[in-house]
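S.K.: Next one to model:
(chains A and B, ligands or ions: 2)
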Protein chains: 2
Amino acid sequence: MKAITLTDSQDPTSLALAETPTPELRDGEVLVKVHAAGVNRGDLLQAKGHYPPPPGASEIIGLECSGVIEDPGTTDRDRGEKVACLLAGGGYADYVAVPEGQLLPIPEGYSFTEAASIVEVACTVWSNLGMLAGLKEGQTVLIHGGAGGIGTFAIQLCKQLGANVAVTAGTSEKLETCRELGADILINYREQDFSEELKGRCDVILDIMGAKYLRQNLRSLAEDGQLIIIGLQGGVKTEINLGALLPRRLSVRGTTLRARSVEGKAEVVRSTAEHVWPLLADARISHHIHTVLPLSEAAQAHALLGSGEVTGKIVLEVDA
Amino acid sequence: MKAITLTDSQDPTSLALAETPTPELRDGEVLVKVHAAGVNRGDLLQAKGHYPPPPGASEIIGLECSGVIEDPGTTDRDRGEKVACLLAGGGYADYVAVPEGQLLPIPEGYSFTEAASIVEVACTVWSNLGMLAGLKEGQTVLIHGGAGGIGTFAIQLCKQLGANVAVTAGTSEKLETCRELGADILINYREQDFSEELKGRCDVILDIMGAKYLRQNLRSLAEDGQLIIIGLQGGVKTEINLGALLPRRLSVRGTTLRARSVEGKAEVVRSTAEHVWPLLADARISHHIHTVLPLSEAAQAHALLGSGEVTGKIVLEVDA
Ligand SMILES: NC(=O)c1ccc[n+]([C@@H]2O[C@H](COP(=O)([O-])OP(=O)(O)OC[C@H]3O[C@@H](n4cnc5c(N)ncnc54)[C@H](OP(=O)(O)O)[C@@H]3O)[C@@H](O)[C@H]2O)c1
Ligand SMILES: NC(=O)c1ccc[n+]([C@@H]2O[C@H](COP(=O)([O-])OP(=O)(O)OC[C@H]3O[C@@H](n4cnc5c(N)ncnc54)[C@H](OP(=O)(O)O)[C@@H]3O)[C@@H](O)[C@H]2O)c1
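M.R.: Ligands and ions are numbered 1, 2, ... in the order given. Okay, the predicted model is just below:
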């Protein structure tokens, strides 16, 4: 089969299609013929060598895809079944081996391309804001990077949960997109200190900046507030004032979806299918695709996402 | 009435009985004639000026007591009812005003003195390990300072919840007490690095050291592990490596009981009465009193607790 590989392991931009062995199935896995694969910021990190796949996972880039079951392996699935897949890796390829627990139905009314754009963000956002934080109606949530892949989805999910949604973004155009998706409080992080605007008001923060925003995030939390860190774009190490946590009963929590076990991913997928998929079917939450490119242009897709010019998601389509 | 006050505001050891006004009742408060008051480490901090009472609370030291309702105020309580009380302050006195939600029954079979020794630790430990962390059967919990007031209670509660209990303490005698109370893993913090022993094994840590132990505590946590900080004896500021949180999905949480609102304290008291009081009634959890002194000897009580020689709790009795 063909898959995207680094032609020069030292050059993260050297992504090109190359012949590689079709994955062998392990017990409980199905072989999926990929139709479309979503692009995530984690993929850019992996190309740079900073985000290696967990032990046992494919070395090929790609955290989500959609397609058709080619070989059901030891499972009871049917050959030809259309599926969306959460992956530990391997999506940028003609075929990928997927543990059965990581299969989702294609959301009602969605194309393969649309389905591939939604799996990773839906599972990430639901596992953090729904399953972990238990975000409730009437609470205030801050979503950093509201116009990104994660952000465009998170805004809509939080509105469906009845939350008051604050976002940060880097331009007024991106903030306008956030507003259209339902965001209530818009903060341009290049011009404003979000913690001035939100001091003591946020019940939950979905953070992607890590060290750089820790102090301001803690300042923005209300009593019993939870800071949930899923990205470290602003660094990993910084000073923490633990004295700030106790009187307001704050929590600092970090998660990654990719590092979860096969069982852990299956639990997230099950809960996401139950709670989020119905909201996709009747379009209470919409996908937000910025650009579609052929898989062979993965390098261009990465350059585009890296440029910071993207609102929402980029999807790669595998040629028929 | 008489209450313990600082005769020299600059000298934390200058604690003595002095004439002070009997507290005035606010709506929803009862006046309790104090029979016994528990001594807590927070009291030592308050005498030093480091732990001021929350706005509106009594300036008098004392976070828990037992006694008899002298004036039910606007509540439906009966004059003469025996009660145990969680306080925001005011326990080291002949009388204290207590919001009705902070009243508990005297546990079955308990004397006033015994009841005064158990309220603050029971509410603190249950609110953190039960209500917040949701400690479950089969999980491993680390309790720092297992032989202290909080520790001696926490060990027993955790065993009742079916947890595997690790503790730290500073001497082998104290560790022996922890063992008798049910602790499974004993670590002398003066001789061993607890994070070497417990690396990756703890589902929950009840921490009282703060900054000094942050790195080792994070190292000791298992996947989905929660570090709950309730004391800052080892300082407030330190470096945190947020990168350590994400792959194992760790949480760092801090709480103080005293800073909770009247409603928040009532919620803790209600849940503690429901879940913990039955365990006291049939002695599945025992109080652990080190010494009883008259209220007039509060200064000696503080010196004793400060010496580090105490195992369990000190209680002050008010002369009849
Ligand atoms: N832990 C997990 O399981 C998990 C899963 C998926 C994603 N993630 C992480 O989540 C983050 C977003 O992923 P993505 O796929 O949505 O990437 P993306 O579409 O490239 O989004 C990146 C976002 O970062 C924002 N940003 C950059 N600098 C910022 C700043 N100083 N303040 C606030 N926002 C800033 C950008 O906002 P502007 O465009 O407005 O500048 C953009 O919205 C990444 O860090 C990724 O690694 C984690
Ligand atoms: N946040 C809240 O709501 C809340 C409520 C109550 C108490 N607390 C806090 O909880 C802590 C304990 O309170 P307490 O009333 O139980 O006080 P305590 O009886 O005086 O206990 C203090 C404990 O600290 C331990 N300790 C000292 N240095 C240590 C170290 N390096 N490593 C491990 N343990 C160490 C002592 O162990 P050894 O005796 O073995 O040296 C002792 O068990 C205090 O910090 C207090 O402020 C917080």
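S.K.: Please identify the residues of the stretch 201-320 of chain A in proximity to chain B?
M.R.: Taking C-beta under 8 Å from any C-beta of the partner chain as the criterion, the stretch 201-320 of chain A approaches chain B at residues A:210-211, A:214, A:229-230, A:232, A:236-243, A:245-256, A:259-260. Backbone N, C-alpha and C define where each C-beta goes, glycine included.
S.K.: List of residues touching stretch A:227-240?
M.R.: A:41, A:124, A:128-129, A:132-133, A:150, A:204-215, A:217-218, A:221, A:250-256, B:214, B:237-243, B:245-246, B:252 (C-beta atoms under 8 Å, 6 or more residues apart in numbering or on different chains).
S.K.: Now narrow those to whatever sits close to ligand 1.
M.R.: A:41, A:124, A:150, A:208-209, A:255-256 (C-beta under 6 Å from any ligand atom).
S.K.: so which of the residues you listed is the most crowded?
M.R.: A:Thr124 (28 neighbours; other C-beta atoms under 10 Å in any protein chain shown).
S.K.: count of neighbours near the closest residue in space to it that isn't next to it in sequence?
M.R.: In this structure, A:Thr124 finds its nearest non-sequential neighbour in A:Leu257, 5.2 Å apart by C-beta to C-beta, 6 or more residues apart in numbering or on different chains. Residues lying near A:Leu257 (other C-beta under 10 Å) number 21.
S.K.: One more: the one 10 residues further on?
M.R.: Residues near A:Glu267, counting by other C-beta under 10 Å, number 15.
S.K.: for the one 10 residues further on, same thing?
M.R.: A count of nearby residues for A:Trp277, using other C-beta under 10 Å, gives 20.
S.K.: Ligand 1 versus the closest residue to it other than its chain neighbours, what's the distance?
M.R.: Distances taken as C-beta to C-beta, 6+ apart put A:Pro107 closest to A:Trp277, at 5.7 Å, once the chain neighbours are dropped. Distance, A:Pro107 to ligand 1, by C-beta to the nearest ligand atom, to the nearest Å: 19 Å.
S.K.: Likewise for A:Pro54?
M.R.: For A:Pro54 relative to ligand 1 (C-beta to the nearest ligand atom), the value is 12 Å.
S.K.: try A:Ala88
M.R.: 11 Å.
S.K.: show me what contacts that residue?
M.R.: Contacts of A:Ala88 by C-beta under 8 Å, 6+ apart are A:53-54, A:56-58, A:63, A:258, A:265.
S.K.: try 10 Å this time
M.R.: A:53-58, A:62-63, A:98-99, A:102, A:257-262, A:265 (C-beta atoms under 10 Å, 6 or more residues apart in numbering or on different chains).
S.K.: Three-state assignment for it, please.
M.R.: Secondary structure state of A:Ala88, per DSSP: H, G, I helix; E, B strand; the rest coil, is coil.
S.K.: Tell me the predicted confidence for it.
M.R.: Looking at A:Ala88, its pLDDT reads 97.
S.K.: in chain A, what residue is nearest ligand 2?
M.R.: Nearest residue of chain A to ligand 2: A:Leu246, at 6.0 Å (C-beta to the nearest ligand atom).
S.K.: Distance from stretch A:72-90 to the middle of the chain?
M.R.: 20 Å (C-alpha atoms, centre = their mean, to the nearest Å).
S.K.: Buried residues of it, list them for me.
M.R.: Using 16 or more other C-beta atoms under 10 Å in any protein chain shown as the burial criterion, the residues of stretch A:72-90 that qualify are A:72-73, A:75, A:77, A:81, A:83-90.
S.K.: can you check stretch A:125-141 too?
M.R.: So stretch A:125-141, judged by 16+ other C-beta under 10 Å, has buried residues A:125-133, A:135, A:139-141.
S.K.: same check, this time on stretch A:249-266
M.R.: A:249-260, A:262, A:264-266.
S.K.: Show me what whichever helix or strand A:Val125 is part of is packed against.
M.R.: Assessed by DSSP states H and E, A:Val125 sits inside helix A:119-125. Secondary-structure packing of helix A:119-125 (3 or more C-beta pairs under 10 Å, 6 or more residues apart in numbering or on different chains; DSSP states H and E): strand A:29-39, helix A:41-47, strand A:64-71, strand A:82-86, strand A:103-105, helix A:149-160, helix A:262-275, helix A:277-281.
S.K.: ok, the following helix or strand past that helix: who's next to it in the sheet?
M.R.: Going down the chain from helix A:119-125, the next helix or strand is strand A:140-143, by DSSP H and E. Using DSSP bridges, strand A:140-143 pairs in its sheet with strand A:164-169 (parallel), strand A:202-207 (parallel).
S.K.: could I have strand A:140-143 exported to PDB, CA atoms only?
M.R.: Extracted in PDB, the C-alpha atoms of strand A:140-143 (Å, rounded to 0.1, in the frame of the first residue of the first chain):
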ATOM      1  CA  THR A 140     -18.600  29.500  32.200                       C
ATOM      2  CA  VAL A 141     -16.000  27.800  30.100                       C
ATOM      3  CA  LEU A 142     -12.900  29.400  28.400                       C
ATOM      4  CA  ILE A 143     -11.600  27.800  25.200                       C
END
